[in-house]
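Visitor: prediction below, plus the sequence it came from.
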Amino acid sequence: MEVAMKARDVMSRDVPTVRPETPVVDAARLLLTHRIGAVPVIDADGRLAGLVSEADLLHRAETGTLHERSWWLRAITPGEVLAREYVKTHARQIRDVMSLDVVCVTEDAELASVVDLMETRGAWTIPVVRDNQPVGLINRATLLQLLVSRASSTAPVQNDDAAIRQRVVDAFRTEPWAGLWSSNVIVHDGVVHLWGWAGSEAVRDACRVAAESVPDVKGVENHIHVPRLISLSM
């Protein structure tokens, strides 16, 4: 009988966060740096207060992407609606642009229910919380990573895959270079699949070697991407 996968088995544990007073431009930089579509907003106690996503930053005064309404549509649009739009498109702090109605799950949530939430709520990124504090992220890319990781094997998920994944994650936490890797780890049938982006080939190789050194790991599939810098000659 195949063991139902839980949120903790696939979530990315590299969870960047912002505060309500964080400048909007800093949050945008964080999304770009970590190559994620949304980031949790936490309060002074570290508890989930909201979520800011790429969608929240699409229409901004700085980029010239404000909604263009005809004069007659502006005339019939309630002033309260126009005021809210102005705040969201011109505000300098995350507190004014973040989404407050956040869909989140616990670590014990079955992956099937997480997918159902994504579909019914139209969510692209779902924070995983413990005591209402973010401990992981699951997005649609996570599910694609899982699909690719499992495609090479028809064997059911083994009960010790979760334990192997935890040992791999713990191994990375002790290495100073691991902070240069925006990561996710998925283990299937003893094979470790590494996903994310690294700043150099050296960090990419170090991630593979560290995973290979973990007991009970049968193999490592290294999907970590190292972006290439392109220089343009004039």
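Guide: Structure's in. What do you need?
Visitor: what's the pLDDT at the most far-flung residue of the chain relative to its centre?
Guide: Of all residues in the chain, residue 72 has its C-alpha farthest from the mean position, at 40.8 Å, by Cα atoms, centre = their mean. On pLDDT, residue 72 comes in at 76.
Visitor: tell me which element it is part of?
Guide: Using DSSP states H and E, residue 72 maps to helix 71-76.
Visitor: contacts for that helix?
Guide: Helix 71-76 is contacted from outside by residue 82, using Cβ atoms under 8 Å, 6 or more residues apart in numbering. Glycine gets a C-beta too; all of them are placed from N, C-alpha and C.
Visitor: please apply the same query to stretch 17-25.
Guide: Applying Cβ under 8 Å, 6+ apart, the contact partners of stretch 17-25 are 26-27, 30, 39-44, 49-50, 52, 57, 60, 91-95, 97-98, 134.
Visitor: all strands for this protein, in order.
Guide: Ranges of strands in the chain, per DSSP state E, are 38-42, 48-53, 105-106, 125-130, 133-139, 181-188, 191-198, 219-222.
Visitor: mind listing what's buried along the last one?
Guide: Meaning strand 219-222. 220-222 (16 or more other Cβ atoms under 10 Å).
Visitor: likewise the fifth one?
Guide: Applying a neighbour-count criterion of 16+ other Cβ under 10 Å, the buried positions in strand 133-139 are 133-139.
Visitor: include pLDDT and distance to residue 190 when you put those residues into JSON lines, please.
Guide: Below are those laid out as JSON lines (pLDDT from 0 to 100; distance: Cβ to Cβ, whole Å):
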{"residue": "133", "pLDDT": "96", "distance to residue 190": "31"}
{"residue": "134", "pLDDT": "95", "distance to residue 190": "29"}
{"residue": "135", "pLDDT": "95", "distance to residue 190": "25"}
{"residue": "136", "pLDDT": "92", "distance to residue 190": "22"}
{"residue": "137", "pLDDT": "93", "distance to residue 190": "25"}
{"residue": "138", "pLDDT": "92", "distance to residue 190": "22"}
{"residue": "139", "pLDDT": "89", "distance to residue 190": "25"}
